[in-house]
Every structure is written in C-alpha cells, then in structure tokens.
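Here is my input, please return the structure:
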Amino acid sequence: MRLLLPVKECFGRVLGKRVVLIVFAALFVIGMALGIVFIKTPAIYDYHLNRCERFIDSVCFSDRSVFLIFLERIGEHTLILALLLAVGIHPVGLVITPVVVVFRAYTFGGSLAIFFSVYRVTGALIAIAFYLPIHILFDCIFFAAVAISFGRATSFRFHKRCFADLLKDFIILLIFTAIVCLVEMIFLLILFHSVGNIL
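Numbers count the residues shown, from 1 in each chain. The predicted model follows:
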C-alpha cells in the first residue's frame with residue numbers, strides 16, 4: 001500500500017486542478033474539430049495523409065517486431081511527457097502547454113478524418129478499435145502532466161526537494177505511459193500482427 005501512496009498523492013494533485021483539466025479538455029475538443037474541418041486544405045490534407053500512411057505502414061501493418069514498436073512509442077511519448085512536466089518549473093513555460101495540446105488534438109482530428117474518408121472500412125477499424133482509444137489514453141496522461149505543471153509553476157524552487165518531486169511525478173506518469181504502450185502492443189498483436197512477430 002505504501003507504494004501506491006505517491007500515485008494517490010500525484011493524482012490527488014491532478015484532480016485538485018479540475019479547472020485546468022476542463023479548460024484543456026475544451027481546447028482539445030476545439031483543436032480536434034479544427035483538424036476535421038480544415039482537412040480539405042491541400043497542404044493540411046497531404047500532411048495528415050502522410051501521417052496516417054506512416055502510422056499504418058510502420059505500426060499497424062509493419063513486419064517489424066512489436067517489441068521494437070513498443071520501445072519506439074515509449075520514446076515518443078516520454079519526450080512529450082517530459083516537456084509537459086518540465087515547463088512547470090516556471091510560469092512562463094506554461095505557454096507551451098496549450099500549443100502542445102491543441103497541436104495533438106488538431107492532428108488527431110485530421111487523422112480520424114483521413115482514416116474514415118480515405119481508408120474506409122480498414123481505416124474505421126484502425127480508428128475505432130486501435131488509434132482512438134490509445135490516443136485518448138495517452139492524452140489523459142498528458143492532461144495529468146499539464147495539471148501537475150500548473151500546480152507546480154508558482155511554487156517551484158531550484159533546490160533538491162523540488163527536483164526530486166518533479167522526478168517522482170515523471171516516473172509515476174512514465175509508468176502509466178509504459179502501461180498504455182504495453183496495451184497498444186497487445187492490441188497490435190490481437191488486431192494486426194502475428195504472435196511470431198513479437199521479437
């Protein structure tokens with residue numbers, strides 16, 4: 001039970017920032033809607049189409065090891081997590097958070113539009129059964145990081161205790177990130193890859 005206390009305390013601080021969570025959830029919905037609405041713009045369409053093609057080729061229907069994909073996905077999302085927590089060391093850094101959240105939401109909305117309009121049945125399967133739920137799980141973790149950063153920004157001091165607390169929050173959210181990546185790997189095996197493609 002003692003091992004769970006830091007997790008409980010961490011998410012207690014997240015829930016203590018409900019206004020921040022609501023605001024960023026609203027920003028996410030707006031960004032996603034914009035991604036869907038402006039998908040027909042030529043440059044934007046090509047960008048999202050390339051993203052979806054890379055996702056399908058390198059993740060869903062890749063011949064590569066799912067364990068390698070698992071490691072790559074952890075690396076990608078760890079960088080975003082580290083950025084969202086690091087900006088909480090100073091209030092000025094918080095201006096980065098809406099940019100990251102809106103951009104992720106924008107590309108999310110655009111990618112969903114591409115999956116349904118271009119790839120039809122296959123795209124709908126990928127979007128509904130795989131892409132959408134995994135993306136939302138990652139975004140929940142990132143929202144938690146944003147809430148923590150907003151709670152920390154005004155009280156952070158450059159001494160050992162504050163950095164230790166920052167590292168603790170990072171490790172906790174990183175564990176949840178790894179769990180989501182593991183779930184993603186299992187989904188890949190169930191939906192797209194053969195069991196022999198684990199290694």
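
so what's the most centrally placed residue in the chain up against?
Nearest residue to the geometric centre of the chain (C-alpha atoms, centre = their mean): Phe138, 3.4 Å. Neighbouring residues of Phe138 by C-beta atoms under 8 Å, 6 or more residues apart in numbering: His77, Thr177, Val180. The way it works is simple: take the backbone N, C-alpha and C, and place the C-beta from them, glycine included.

Ok, Val92 next?
No contacts exist for Val92 under C-beta under 8 Å, 6+ apart.

how near is His135 to Val20?
20 Å (C-beta to C-beta, to the nearest Å).

swap in Ala127?
The gap separating Ala127 from Val20 is 28 Å, by C-beta to C-beta.

Can you spell out which helices and strands pack onto the longest helix seen in the chain?
Secondary structure assigned by DSSP state H gives helix 160-191 as the longest helix of the chain. The helices and strands touching helix 160-191, judged by 3 or more C-beta pairs under 8 Å, 6 or more residues apart in numbering; DSSP states H and E, are helix 5-15, helix 66-86, helix 132-152.

Indicate which one of those helices is closest to Val95.
helix 132-152 (11.4 Å; C-beta to C-beta).

Only alpha carbons, please: show that closest one as PDB.
Extracted C-alpha coordinates of helix 132-152, given in PDB (Å, rounded to 0.1, in the frame of the first residue of the first chain):
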ATOM      1  CA  LEU A 132      -8.700   6.500 -31.000                       C
ATOM      2  CA  PRO A 133      -8.700   4.600 -27.600                       C
ATOM      3  CA  ILE A 134      -4.900   4.500 -27.400                       C
ATOM      4  CA  HIS A 135      -4.600   8.200 -28.300                       C
ATOM      5  CA  ILE A 136      -7.200   9.200 -25.700                       C
ATOM      6  CA  LEU A 137      -5.300   7.200 -23.000                       C
ATOM      7  CA  PHE A 138      -2.100   9.000 -23.800                       C
ATOM      8  CA  ASP A 139      -3.900  12.300 -23.800                       C
ATOM      9  CA  CYS A 140      -5.300  11.600 -20.300                       C
ATOM     10  CA  ILE A 141      -1.700  11.100 -19.100                       C
ATOM     11  CA  PHE A 142      -0.600  14.300 -20.800                       C
ATOM     12  CA  PHE A 143      -3.600  16.200 -19.200                       C
ATOM     13  CA  ALA A 144      -2.400  14.900 -15.800                       C
ATOM     14  CA  ALA A 145       1.100  16.300 -16.600                       C
ATOM     15  CA  VAL A 146      -0.400  19.600 -17.600                       C
ATOM     16  CA  ALA A 147      -2.400  19.800 -14.400                       C
ATOM     17  CA  ILE A 148       0.700  19.000 -12.300                       C
ATOM     18  CA  SER A 149       2.700  21.600 -14.100                       C
ATOM     19  CA  PHE A 150       0.100  24.300 -13.500                       C
ATOM     20  CA  GLY A 151       0.000  23.400  -9.800                       C
ATOM     21  CA  ARG A 152       3.800  23.400  -9.500                       C
END
